[in-house]
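*Asks:* sequence? don't have it. structure:
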């Protein structure tokens, strides 16, 4: 489905610009006119992480005139396996600052606008309104629904991507010409049911495949060429090197873009997805989210350390690690019993745990373990606590010799 160009052309290109973008100008579908449209374009990239990094670099190299970067997270060492906009010297810096410097080195003719904030219902419409399109490089459901709804309300395209381990997806949500994100995914999945990349891992180069796909779709929309991914969802399996395309349809009963919408303004998306940010997590750059319910008692890493040393007054506590073997090989709490979250979900874990002994359950950051804790509480166990912040909190507060991941 061809669409008209999204952006009007700028004034004539300079000789320097023509030389820089010559390989674009030589393409008949782009040409001088298309390159002038790119120069006049304003693209907002939300998240300067795995997807945002390659997308930002290629948008800058392509000559997109103004690129906005939204991210309030900082660069961590574990980011460098896939977030190619950042380097070792950037660890500890704001991702927006690091990305802006990287884009300046790629193309000083591009203007980079930093938004060092966490995008939310209070600021999303104001930020997005100043751009032609949004490229979603986030990895959490509240921000995805937020960006979709804001783009629907403002009539702008939302170029979405998603990655996990070896699998990636991409599409364009644009209610004016096809379905929006809510048309295809009307409800978020249950909290904890879909692991984040921080929990399950991701092949670093997969980010390049999906992020560059998003950047390509942005260029196509701006210039008005090709067949954009509106009404189509591409699915990539890097392990088997396959690409499939699924047709997706507009839902006339969609809550935000349907014939009788019930969502006419931005809502509380953490409440909609029943999540709150967990300790030590940032959004949108590397968010890890926990269930909002407060029915599972929590214990801090320092409190657990006191108990394990006999100072806490509850000797004989049973530690349960619900992570997989790959994660346990990176960092662990000594003496923990390994019972995978899947065993809690199937019911097989409950008979393995004595009900006359205090239990502390943990995972990486406290999300999966909260689900396991809730299952055990609902099974009738009288003394269950979730380790707040997970093994990352244990490393931060108790055992700093172990690596973070």
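*Replies:* Alright, I've got the coordinates. Keep in mind the model is a prediction, meaning the values are calculated, not measured. Numbering: from 1, shown residues only.

*Asks:* and the contacts of stretch 317-327?
*Replies:* Residues from elsewhere that reach stretch 317-327 (CB atoms under 8 Å, 6 or more residues apart in numbering): 201, 304, 307-308, 328, 332-333, 335-341, 344, 353-354, 357-364, 368-369, 372, 391, 405. To be clear about C-beta, it is placed using only N, CA and C from the backbone, and glycine gets the same treatment.

*Asks:* quick one: the helices in the stretch 101-250 of the chain?
*Replies:* 124-128, 141-154, 181-184, 197-200, 204-223 (DSSP state H, counting those that start in this stretch).

*Asks:* could I get these as a markdown table with distance to residue 166 and mean pLDDT?
*Replies:* Putting the helices of the stretch 101-250 of the chain into a markdown table (distance: least, CB to CB, whole Å; pLDDT from 0 to 100) gives the following:
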| stretch | distance to residue 166 | mean pLDDT |
| --- | --- | --- |
| helix 124-128 | 31 | 98 |
| helix 141-154 | 21 | 98 |
| helix 181-184 | 22 | 98 |
| helix 197-200 | 11 | 80 |
| helix 204-223 | 6 | 98 |
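
*Asks:* so of those helices, which one's packed in deepest?
*Replies:* Most buried of those, by mean neighbour count (mean count of other CB atoms under 10 Å): helix 141-154, with a mean of 24.

*Asks:* among the contacts of stretch 317-327, which ones are in helices?
*Replies:* Judged by DSSP state H, these include 304, 307, 308, 328, 341, 344, 368, 369, 372, 391 as members of helices.

*Asks:* I'd like to know which of those are buried.
*Replies:* Buried by 16 or more other CB atoms under 10 Å: 304, 307, 308, 341, 344, 368, 369, 372, 391, out of the ones in helices among the contacts of stretch 317-327.

*Asks:* and the closest residue to residue 236 other than its chain neighbours, what does it touch?
*Replies:* Leaving aside its sequence neighbours, residue 236 sits nearest to residue 168 (CB to CB, 6 or more residues apart in numbering; 4.4 Å). Neighbouring residues of residue 168 by CB under 8 Å, 6+ apart: 161, 162, 206, 209, 210, 235, 236, 238.

*Asks:* pretty sure the fourth one is touching residue 238, no?
*Replies:* Yes. With contacts defined as CB atoms under 8 Å, residue 209 counts as touching residue 238 at a distance of 6.5 Å.

*Asks:* can you list the low-confidence ranges for the chain?
*Replies:* 192, 275-294, 312-315 (pLDDT under 70).

*Asks:* so how far is residue 79 from the spatially most central residue of it?
*Replies:* Compute the mean C-alpha point of the chain, and by CA atoms, centre = their mean the closest residue is residue 139, 1.2 Å away. Distance from residue 139 to residue 79, counting by CB to CB, to the nearest Å: 12 Å.

*Asks:* what's the nearest residue to residue 121 if we skip its chain neighbours?
*Replies:* Closest residue to residue 121 apart from its sequence neighbours, by CB to CB, 6+ apart: residue 266 at 4.0 Å.
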